[in-house]
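Student: Turn this into a model:
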Amino acid sequence: MVVKVTPLEGKPLGATIELPEGCNDPSALSEEDFKTLYEAVHKYLVVVIPGMENLEPESQWKLTKRFDPTCDQLGGAYGHGKEFRHENSVLKRDGTSIPGQPQVQVLGQGTWPAGHHGLGEIELRHPTHFDFHHDPLTEKQAFEEDLTRFYRWHIDSALYGLSPPVATTLLGIHVPPHSRKQKILYEDNGDVLDVTQGATAFISGANAFKLLSPEMQERALGTTVVYAPHPYIFISPARATSDGLTMVSEGKETPLDQLPPWEESKIKRLPLVWTNPVTKEHHLQVHGCCLNGLELPDGTKLGLEEARKEVHKMMRPAIAPDNVYAHSWNKGDLVIFFNRGVWHAVTGQFKPGERRLMHQCNIASGLDPYTAKQAQGAAA
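Tutor: Okay, the predicted model is just below:
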């Protein structure tokens, strides 16, 4: 038996993976089987391997590295260091590192006793929109009416100094029951998306690109996104739009001269459109919350507020309910997603006493994303 790939029925993206008989560690797949998995991740963008609750952190790290051999060029850099832990970063409360495998982060909700892979007692906090959105839901809406929001649509990446990871692996170890349902209300048009509590939402960047008009596609293909230095610290005083796509422009961002020391050469300037190296499709890939400007094909430079308006206009059609795959977690689900081909968002909120525990791994790449020009060169 070889790796079996089954597309998710009735979903806009995604597939399930069945490992070869007797294999319980996907990091140990043969080269042939891993190639099947690699191509499935790039084609279906999000794949789910069930029954992996006993996967060791070392194996998760090794599996994640196999998707990008350039990771080893960085001497172990993984993008969760000073930026992730800085006291002013919006990421600071989102997880903790496993002592013996710091590339793997422990995420979740609630208090967990000492002994989890060498950790002492830990208090985990599920990210919610309450302290990140400009106009959050009321307590009544969230906890009595079970409404929720997309917390922040994003691409996993430090977006300063380090290049975006190729793939992210996310393992559900303790997850809430599917009986808790919540609803995402699209406040600009009244649409509703039903999700299970704590679902992770994904959209295809390729579909996002296809939804643009031909004129906007041409414009996007030649546009460069300029990210802020230390972007998660830069945006920490600001607040997000209610759809989680970008930030509200009120001039509240941390002034550049008040950020930790930064270097111009480490500011990330990335294409707005990345090209899938397997399918050769164009993907609209942008972290709308962390950008600081856009450089258009004709040389025009858009500042922060105008850049946010531009990307919001491009991104909004892609998150319509029919385009979203909201993964309902089961214990042992190992989700692997092509981080250079999707955007994803945390959803949901938890009541006191409710708990969740997950392992996440993504590793900064040695190379910036594959562009359309590179794809043309490879095909020549």
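Student: and stretch 124-132, which residues are buried?
Tutor: Residues 124, 126-129, 132 are the ones in stretch 124-132 that count as buried (16 or more other CB atoms under 10 Å). To be clear about C-beta, it is placed using only N, CA and C from the backbone, and glycine gets the same treatment.
Student: Mind checking which of these are in strands?
Tutor: residue 124 (DSSP state E).
Student: Out of the buried residues of stretch 124-132, which is nearest to residue 162?
Tutor: Nearest to residue 162 among those is residue 127, at 21.2 Å by CB to CB.
Student: Surely the closest one touches residue 151?
Tutor: Yes: counting by CB atoms under 8 Å, residue 127 does reach residue 151; the two are 5.3 Å apart.
Student: what's the overlap in contacts for those two?
Tutor: Here residue 127 and residue 151 have residue 346 as joint contacts, going by CB atoms under 8 Å, 6 or more residues apart in numbering.
Student: Residue 367: which of the buried residues of stretch 124-132 is nearest?
Tutor: Among the buried residues of stretch 124-132, and counting by CB to CB, the member closest to residue 367 is residue 127, at 28.8 Å.
Student: Next, format the buried residues of stretch 124-132 as TSV and append distance to residue 38.
Tutor: Shown next, in TSV, are the buried residues of stretch 124-132 (distance: CB to CB, whole Å):
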residue	distance to residue 38
124	31
126	31
127	29
128	34
129	34
132	34
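Student: Can you list which of the buried residues of stretch 124-132 are found in helices?
Tutor: With helices taken from DSSP state H, there is no overlap with the buried residues of stretch 124-132.
Student: got the buried residues of stretch 124-132 as TSV, with distance to residue 186 and pLDDT columns?
Tutor: Output for the buried residues of stretch 124-132, formatted as TSV (distance: CB to CB, whole Å; pLDDT from 0 to 100):
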residue	distance to residue 186	pLDDT
124	29	93
126	22	92
127	20	91
128	18	90
129	14	93
132	18	95
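Student: would you say residue 70 is within a helix?
Tutor: Yes: Residue 70: assigned to a helix according to DSSP: H, G, I helix; E, B strand; the rest coil.
Student: my read: it touches residue 365, true?
Tutor: Yes: look at residue 70 against residue 365 with CB under 8 Å: they come within range, at 5.5 Å.
Student: Who has more neighbours out of these two?
Tutor: For residue 70 versus residue 365, neighbours defined as other CB atoms under 10 Å are more numerous around residue 365 (25 against 14).
Student: Please report how far the more buried one lies from residue 71.
Tutor: Separation of residue 365 from residue 71 (CB to CB, to the nearest Å) stands at 7 Å.
Student: just residue 180 next, same as before
Tutor: Computed as CB to CB, the residue 180 to residue 71 distance reads 37 Å.
Student: Neighbour count for the two, which is higher?
Tutor: Shown here are residue 180 and residue 71; by other CB under 10 Å, residue 71 has more neighbours (23 against 15).
Student: Find the nearest non-adjacent residue to that one, please.
Tutor: residue 363 (4.6 Å; CB to CB, 6 or more residues apart in numbering).
Student: any idea how far the one you found lies from residue 314?
Tutor: For residue 363, the distance to residue 314 (CB to CB) stands at 28 Å.
Student: Repeat that for residue 277.
Tutor: Using CB to CB, residue 277 is found at 23 Å from residue 314.
Student: higher neighbour count, these two?
Tutor: residue 314 (23 against 16).
Student: contacting residues around the more buried one?
Tutor: Contacts for residue 314 (CB under 8 Å, 6+ apart) come out as 208, 212, 216, 220, 284, 286.
Student: got it, and residue 196?
Tutor: By CB under 8 Å, 6+ apart, the neighbours of residue 196 are 176, 178, 180-182, 326, 328-329.
Student: quick one: it from residue 347, how far?
Tutor: Taking CB to CB, one finds residue 196 at 9 Å from residue 347.
Student: Which neighbours do those two have in common?
Tutor: Common contact partners of residue 196 and residue 347 (CB under 8 Å, 6+ apart): 182, 326.
Student: Identify the residue spatially nearest to residue 142, adjacent ones excluded.
Tutor: Closest residue to residue 142 apart from its sequence neighbours, by CB to CB, 6+ apart: residue 349 at 5.6 Å.
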